[in-house]
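*Asks:* here is my input, please return the structure:
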Amino acid sequence: MKADIQLTGLGIIRCFVGVESYFFHKHTIRAAPVFANITLSKEAIPLSLMITNPDRKMAEIADKVRNGERLSLEDGIFLYESDDLLTIGQLANEVNLRKNGKKVYFTETMSLYFTNVCESHCAFCSFRKDLGEEGSYTLTPEEMFEYVDQHITPNTREFHIVGGHNNHVPFDYYVESIRALKERYPQVTIKAYTAAEIDFFSRLSGLSYREVLERLMDVGLQSLTGGGAEILSDQYRKKMRVEKAGIEQYLEVHRTAHQLGMKTPTTMLYGPVESIEERVRHMLHLRELQDETNGFQVFIPLSMQPTSPKAGIRRRNSAFEDLKAIAIGRLMLDNFQHVKAYFINIGTQLTQVALTMGASDAHGTVVRERISHAAGALTPAGITREDLVWLIKGAGRIPVERDTLYNELKVYE
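*Replies:* Below you'll find the predicted structure:
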């Protein structure tokens, strides 16, 4: 009897005989070229008797991924519980290569923070200050110009603007901050404010989400930032004292932005607090909204930082967890074009590895990131264009400079 063999990538060999298929551990097959005809031995037995339940489940997920089938909540939880990072990463890499080829995107961005005064007291935040507290500030547009003029380059593509929920200034302060920047630097895209900030502006001004966004778009806003999601779970938000937009508010702000024609990023802040199921359900919330609007451009897993730079490794997410977040995000979010490896949180070397495990965006040449570093990040606060291109090429990928909307500006072959 003759059979065709096929490697599944999971240490299992599948043998096809007519319409029947049998499975072997690869070590039981006599040496033969892959995909050659071999004689089927009497030792062939069904998959259910040959491999363990975890192996069988991983093989089923691999089949789903390769056939373009959507993964379920149970699939996502299984992947998080699995220690087979190489298979998870391999599958994520396959999905990414189908979507983006070997291109990895980046942009030159400058992070700006007009104020760190905030009415909220979220447990994970080390950036916020009370009004009058040492280190608190609220900048005028002119003060921000002084900072920008010192750091801007001819290649700066984007201002990434977030800050505290400062209720000691009116909504017009935030509007005029955007207007002033756009008038002074018309060539730079304004990506500003999280969904949580938009919700805060709505409460501060009495305007609807749509009205707030339209006011900001009229003066130059072109995209929101993705922050403020944290973990989209009521239990998590209660535990971490997330005193800002809830699950429905976060999703509704992005829904409204998408309806207005805006494309936005989105995030997940993961760490030791939430459960695996909460992480996967977070992704499902985003996937469901993306099915509705197709307005998300990229998913950005954010590795939670400890409250002090002196914190030991046991108080930080492991490299294993960081790579899993990226790879599983790529597998669960089948309707997202990009997943970002955020070197600000996970470091440049792990970012390079992540480019082979599902990530297609390496963020950009940031100028002085502050929020993660205020919380204890040990990674660089920025990186040069040359180093970023080198990093991407070192992973066997093609660096592509982009704008905020992922239009390609330069390909580094």
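*Asks:* and the helices in the stretch 251-400 of the chain?
*Replies:* Counting by DSSP state H, counting those that start in this stretch, the stretch 251-400 of the chain has helices at residues 276-293, 319-332, 343-346, 348-354, 371-374, 385-394.
*Asks:* counting contacts, what elements does the second one pack onto?
*Replies:* Read that as helix 319-332. Other elements packing on helix 319-332 under the criterion 3 or more C-beta pairs under 8 Å, 6 or more residues apart in numbering; DSSP states H and E are helix 73-81, helix 85-100, strand 264-270, helix 276-293, strand 296-303, strand 338-339, helix 343-346, helix 348-354. No exception for glycine: its C-beta is placed from N, CA and C like everyone else's.
*Asks:* for the nearest residue to Lys129 once chain neighbours are set aside, what are its contacts?
*Replies:* Using C-beta to C-beta, 6 or more residues apart in numbering and skipping the chain neighbours, the partner closest in space to Lys129 is Ser136 (3.7 Å). Shown in contact with Ser136 (C-beta atoms under 8 Å, 6 or more residues apart in numbering): Asn116, Val117, Lys129, Asp130.
*Asks:* distance check, Glu230 against Glu278.
*Replies:* Glu230 is 10 Å from Glu278, where distance means C-beta to C-beta, to the nearest Å.
*Asks:* which of these two has more residues huddled nearby?
*Replies:* Applying other C-beta atoms under 10 Å to Glu230 and Glu278 shows that Glu230 carries more neighbours, namely 28 against 17.
*Asks:* Leu269 versus that one, what's the distance?
*Replies:* 5 Å.
*Asks:* overlap in contacts, those two.
*Replies:* Applying C-beta under 8 Å, 6+ apart, one finds that Glu230 and Leu269 are jointly contacted by Phe124.
*Asks:* just put the contacts of Ser136 in JSON lines and tack on secondary structure and pLDDT.
*Replies:* Converted to JSON lines, the contacts of Ser136 look like this (DSSP: H, G, I helix; E, B strand; the rest coil; pLDDT from 0 to 100):
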{"residue": "Asn116", "secondary structure": "coil", "pLDDT": "93"}
{"residue": "Val117", "secondary structure": "strand", "pLDDT": "93"}
{"residue": "Lys129", "secondary structure": "strand", "pLDDT": "90"}
{"residue": "Asp130", "secondary structure": "coil", "pLDDT": "89"}
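*Asks:* give me the buried subset of the residues you listed.
*Replies:* Among the contacts of Ser136, those buried by neighbour count (16 or more other C-beta atoms under 10 Å) are Asn116, Val117, Lys129.
*Asks:* which parts of stretch 88-99 are buried?
*Replies:* Per 16+ other C-beta under 10 Å, stretch 88-99 contains these buried residues: Ile88, Gly89, Gln90, Leu91, Ala92, Asn93, Glu94, Val95, Asn96, Lys99.
*Asks:* just checking, the second one touches Leu323?
*Replies:* Same thing as Gly89. Yes - checked against C-beta atoms under 8 Å, the pair Gly89 and Leu323 is within contact range at 6.5 Å.
*Asks:* so what sits against both of the two?
*Replies:* What both Gly89 and Leu323 touch, as defined by C-beta under 8 Å, 6+ apart, is the set Met357.
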